[in-house]
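K.L.:
generate coordinates for the sequence data below:
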Amino acid sequence: MWPSFAPLGYLNVREQLPEGGEVRISAFRSGSSVFLSVSDTGIGMKEDDIPKVLEPFRQVDSAMARRHTGTGLGLPLTKELAELHGGSLKIESALDFGTTATIALPFAEERRRAA
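P.N.:
Numbering: from 1, shown residues only. Take a look at the predicted model:
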């Protein structure tokens, strides 16, 4: 069962996608981890901006220049919840090409054995 927080960072993705843009969601298991990956062909961001979007209430563009809505909480909450479950959040992005956010979580059977 996937935690309900998995796609929090993409709740407003429709507003950020160019016309004809795509969102792909995939899940897979590798070793002792389960991965949930969400990729889009949206606006993307510079690599230097990724740490900013992981801070609560931070967005890449300034309030005066903001073209997209959002509170700046989706990705920070997703990261925090993944870490509370013993996992992590990795973000890869290219400006004007899109973003991929991948949550890695320990597989439930492995967590039970460790407890």
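K.L.:
ok, how many other residues are close to Gly98?
P.N.:
Residues lying near Gly98 (other C-beta atoms under 10 Å) number 22. All C-beta spots, glycine's among them, are computed from the backbone N, C-alpha and C.
K.L.:
which one is it nearest to, not counting chain neighbours?
P.N.:
Of all residues not flanking Gly98 in the chain, Thr41 sits nearest, at 4.4 Å (C-beta to C-beta, 6 or more residues apart in numbering).
K.L.:
okay but that neighbour is in contact with Gly21, surely?
P.N.:
Yes - between Thr41 and Gly21 there is a contact under C-beta atoms under 8 Å: 4.6 Å.
K.L.:
so what sits against both of these two?
P.N.:
Common neighbours of Thr41 and Gly21, counting by C-beta atoms under 8 Å, 6 or more residues apart in numbering, are Gly98.
K.L.:
could you verify my assumption that Phe57 touches Leu73?
P.N.:
Yes - shown here, Phe57 and Leu73 form a contact pair, counting by C-beta under 8 Å, at 6.7 Å.
K.L.:
these two: who's more crowded?
P.N.:
Leu73 (15 against 9).
K.L.:
excluding its backbone neighbours, what's nearest the more buried one?
P.N.:
Pro56 (6.0 Å).
K.L.:
from Lys79, how far out is the one you found?
P.N.:
Applying C-beta to C-beta, to the nearest Å, one obtains 10 Å for the distance of Pro56 from Lys79.
K.L.:
what do you get for Glu92?
P.N.:
From Glu92 to Lys79 the distance is 14 Å (C-beta to C-beta).
K.L.:
those two: who's more crowded?
P.N.:
The neighbour count for Glu92 versus Lys79, taken as other C-beta under 10 Å, is higher for Lys79 (24 against 14).
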